[in-house]
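Enquirer: Sequence first, then the predicted structure, then my questions.
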Amino acid sequence: MGAAQPFGPRLAAAMAEHGPLCVGIDPHAGLLGAWGLPDSVEGLERFAATCVEAFGGQVACVKPQSAFFERFGSRGVAVLEATLAGLRDAGTLSLLDVKRGDIGSTMGAYADAYLDEASPLRADAITVSPYLGYGSLRPALDLAAATGRGVFVLTLTSNPEGAAVQHARSGGLPEPARWPGESWRERPSTTPRPAPAASSAASGSSWGRPSGRPCPTSTWTSRRWAARCSLPASAPRGHGRGPPPGVRPGARPGAGVLEPGGARRRTGRGGAALDRPCDGRRRAQEPDPTQQ
Ligand SMILES: O=c1ccn([C@@H]2O[C@H](COP(=O)(O)O)[C@@H](O)[C@H]2O)c(=O)[nH]1
């Protein structure tokens, strides 16, 4: 594989032509019903085909949610294949929302399923979950880079339950990935601060976070998109060239338990000590346990 144009410039071009809108296809039972369609594979097929016809060639990107196709089994997955093919034929970028994340050969198989040029379920980009560690995503990141596809890594999601994990803080051992520059502004100056350029190059991070926005929202998601797409084509993009921002190179992962209520419990030597979940506003007010 070689000459595929990277996804970033392709998305930037699509947005320049059609605007920043990414249309989600989420055919849940209620929506099918509202369209006067049965909650069946036939209804799904009709809904998805209408979306392809309506949005193909009109918007920068379409995001089918895989779960709403998978719930109908192999026939639903066949509709998803047809939907992705229809978008391809229309020249519209597809972002398949599958939120996959696993380790080793399993992650490799997910990558093959969605990012390989020969796969019937290939999309222009997918969503992945970094819960098993950003490095576990490497098979997807590498294949995407090789085939000119994109990988959107979940960081902050819009659901309220996400904060317990996504905003958990470590006790000085490897921390959850942070937005470049986010935590360092809040911390005392004794905290080591990586040089911004080195940090972003090492992490391959390409997201930008608007400052002063403590809570994730759906609107926020589209801002991240815009920030990502406005980066120059030469900027490193999520290829796992190093630890994420806020994680020291060479830092060891370890085990830790997040107790109900947020109390911290170490689970052994080198354990990553997650303490309490918090939202951004509380975090700014609370003392930082790593500085005590
Ligand atoms: O943080 C999030 C939240 C939702 N999604 C996906 O988007 C659609 C629905 O979003 P709404 O906010 O309900 O309109 C669905 O496919 C979710 O899985 C997401 O990707 N990230």
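Expert: Now that the structure is in, tell me what you want to look at.

Enquirer: tally of neighbours for G24?
Expert: Number of residues near G24 (other Cβ atoms under 10 Å) recorded here: 13. Placement of C-beta: from N, CA and C, glycine included.

Enquirer: Find the residue closest to it in space, skipping its chain neighbours.
Expert: Nearest residue to G24 in three dimensions, chain neighbours excluded: K63, at 4.7 Å (Cβ to Cβ, 6 or more residues apart in numbering).

Enquirer: ok, now V151?
Expert: Excluding the flanking residues, the one nearest V151 by Cβ to Cβ, 6+ apart is A144, at 4.8 Å.

Enquirer: Remind me which helix or strand that neighbour belongs to.
Expert: Here A144 sits within helix 138-147, counting by DSSP states H and E.

Enquirer: what sits opposite V128 in the beta ladder?
Expert: R100, V153 (DSSP bridges).

Enquirer: my guess is it meets D97, correct?
Expert: No. V128 is beyond contact range of D97, at 10.3 Å (criterion: Cβ atoms under 8 Å).

Enquirer: just the strands in this protein please.
Expert: Assigned by DSSP state E, the chain shows strands spanning 22-25, 61-64, 93-100, 125-128, 150-153, 256-258, 264-266.

Enquirer: ok, and for the longest helix belonging to the chain, which residues are buried?
Expert: Counting by DSSP state H, the longest helix found in the chain is helix 73-90. Within helix 73-90, the residues that count as buried by 16 or more other Cβ atoms under 10 Å are 76, 79-80, 82-84, 86-88, 90.

Enquirer: can you redo those residues as TSV with pLDDT and distance to D112?
Expert: Below are these laid out as TSV (pLDDT from 0 to 100; distance: Cβ to Cβ, whole Å):
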residue	pLDDT	distance to D112
G76	98	20
V79	99	21
L80	99	16
A82	98	20
T83	98	20
L84	98	15
G86	98	22
L87	98	20
R88	98	18
A90	98	25
